[in-house]
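> Predicted structure and sequence below. I'll ask about it afterward.
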Number of protein chains: 2
Amino acid sequence: MPTAREKIVGAAMELFWLKGYNSTSVADLLSRTQLNSGSLYHVFPSKQDVLVGVLEAYRDGIEEMLLAPAWKGVDDPIEKIFALLALYRTMIVETDCTYGCPIGSLALELHEPDPQVRDLIAVNFENWTKAIEGCLTDAGKRLPPRTDKRALAQFVLTAMEGGVMQARTHRDVGYFDRAVKQLRAHFDMLEAMAKTKARG
Amino acid sequence: MPTAREKIVGAAMELFWLKGYNSTSVADLLSRTQLNSGSLYHVFPSKQDVLVGVLEAYRDGIEEMLLAPAWKGVDDPIEKIFALLALYRTMIVETDCTYGCPIGSLALELHEPDPQVRDLIAVNFENWTKAIEGCLTDAGKRLPPRTDKRALAQFVLTAMEGGVMQARTHRDVGYFDRAVKQLRAHFDMLEAMAKTKARG
DNA sequence: GTCTATAAAAGGATAGAC
DNA sequence: GTCTATCCTTTTATAGAC
């Protein structure tokens, strides 16, 4: 049986994702969880504390919620990167192209976030790109030896966020697909470079 | 002497950019413009109509406000692309890395926008990428003949939006710089491919 | 920890005189 | 077109009993 805290964080993860932080009222959270005001404010002194709880849940759940499902049955390190992007694609399609990255949306919606909130958004991005960086390290000599793996991993996040933003705006997954296609070309060219230089 | 409409749109462009749409109240617009409620609602029947006016202003001003300043003194079509990104970089630095693309931020803040609003956001993105696509066309044979120019232009927007998002979140322009560096590598590899195939 | 009731403020929008 | 005053709703948060 879920605690009040778990109910609230679960509802908030969904509602902040669907409606945004500012457009989700505490009353929305209460009606969704069937809790009363007193219970919520007993656990979370303010609405912002709910946001902190949500961001911590994403931070703590990245492996189980995101990476494990995306990488099930995928071994090749570079294919793991595109398998993760493919998971985002299914989410875009399943939501009729209204999908937004929950972290990215909060990153742009909150214009003057508290340091604690901003740090948690940053940590979520960092953990995502660290996972990609791990794949790049595993790819070893398939990439040119001087590849800036951190920059390349961040570029994967950049492509995802930009692709999601445009697919959502245009309500057309093609915009995401084209971003992925360009990123794939980028990796293909890097791999081709690595081979050429290895030979020459 | 500016009309009430111009004052309101000007103030709204700034405040929606600084604080976001939901966090900007009509009272904020009134105090900034020194207008009274009646004047605003005479011109704009609702707050959302102000948003429409703002998005139309960005749409109509892209050449004068964005492209002309970015491209002053730059002729090379591919350098024009990176000159535009360099303009974003200066805006990031000038705002102490709090800069957000006004259109991209609205695209992610508004979760269930009216069709009119969503179309205007989409048109703003389209005009931006069309401008880049023009550069790619001007680049002619420097790019491989089968280059998907629309997809590549959208990828430039993707890189900008993703780079801006991360630079803002981490309050570190390095995140934007690395995105641009990766995009530059992408173009360099495309140009190298075009040369190789032209020879072979 | 949870309940009900309510405070206190901010929000978008309107009315009617000028 | 602009002025002042104000309505009505929503919102975050609190009080105090149980």
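Received it, and whenever you're ready, just let me know what you need. Residues are numbered from 1 along each chain as shown, chains lettered A, B, ... in the order given.
> doesn't A:Val117 make contact with A:Gln48?
Yes. Between A:Gln48 and A:Val117 there is a contact under Cβ atoms under 8 Å: 7.0 Å. (Each C-beta comes from the backbone N, C-alpha and C, glycine too.)
> Which one's more surrounded, those two?
Set A:Gln48 next to A:Val117 and count neighbours by other Cβ atoms under 10 Å in any protein chain shown: A:Val117 wins out with 19 against 15.
> Check which residues of the helix or strand of chain A with the lowest mean pLDDT are buried.
When each helix and strand of chain A is scored by mean pLDDT, DSSP states H and E, helix A:174-199 comes last, with a mean of 94. Using 16 or more other Cβ atoms under 10 Å in any protein chain shown as the test for burial, helix A:174-199 gives A:175-183, A:185-187, A:189-191, A:193-194.
> Phi, psi for the residue most central in space within chain A please.
What sits nearest the mean C-alpha location of chain A, by Cα atoms, centre = their mean, is A:Cys101, with 5.4 Å. The phi and psi values for A:Cys101, taken as degrees, to the nearest 10, are phi -60, psi 120.
> Check what pLDDT it gets.
Looking at A:Cys101, its pLDDT stands at 98.
> so it makes contact with A:Gly162?
No. Applying Cβ under 8 Å, one finds A:Cys101 not in contact with A:Gly162, separated by 10.5 Å.
> got the residues of chain A near DNA strand C?
Within chain A, the positions adjacent to DNA strand C are A:Thr3, A:Ala4, A:Leu35, A:Asn36, A:Ser37, A:Gly38, A:Ser39, A:His42, A:Val43 by Cβ under 7 Å from any atom of the strand.
> one more time with 10 Å
Residues of chain A lying close to DNA strand C (Cβ under 10 Å from any atom of the strand) are A:1-5, A:7-8, A:22, A:27, A:30, A:33-43.
> Can you tell me which residues in chain A are near DNA strand D?
Contact residues, chain A versus DNA strand D (Cβ under 10 Å from any atom of the strand): A:19, A:21-30, A:36-42, A:44-50.
> Low-confidence bits of chain A, can you list those?
Applying pLDDT under 70 to chain A flags residues A:198-200.
> residue contacts, the residue of chain A found nearest DNA strand C?
DNA strand C sits closest to A:Gly38 of chain A, with a gap of 1.8 Å, by Cβ to the nearest atom of the strand. Listed by Cβ atoms under 8 Å, 6 or more residues apart in numbering or on different chains, A:Gly38 has no contact partners.
> what do you get for A:Lys149?
A:Lys149 sits next to A:Glu133, A:Leu136, A:Thr137, A:Leu143 when contact means Cβ under 8 Å, 6+ apart.
> So what's the residue count around the last one?
One way to gauge burial is a neighbour count; for A:Leu143, by other Cβ under 10 Å, it gives 19.
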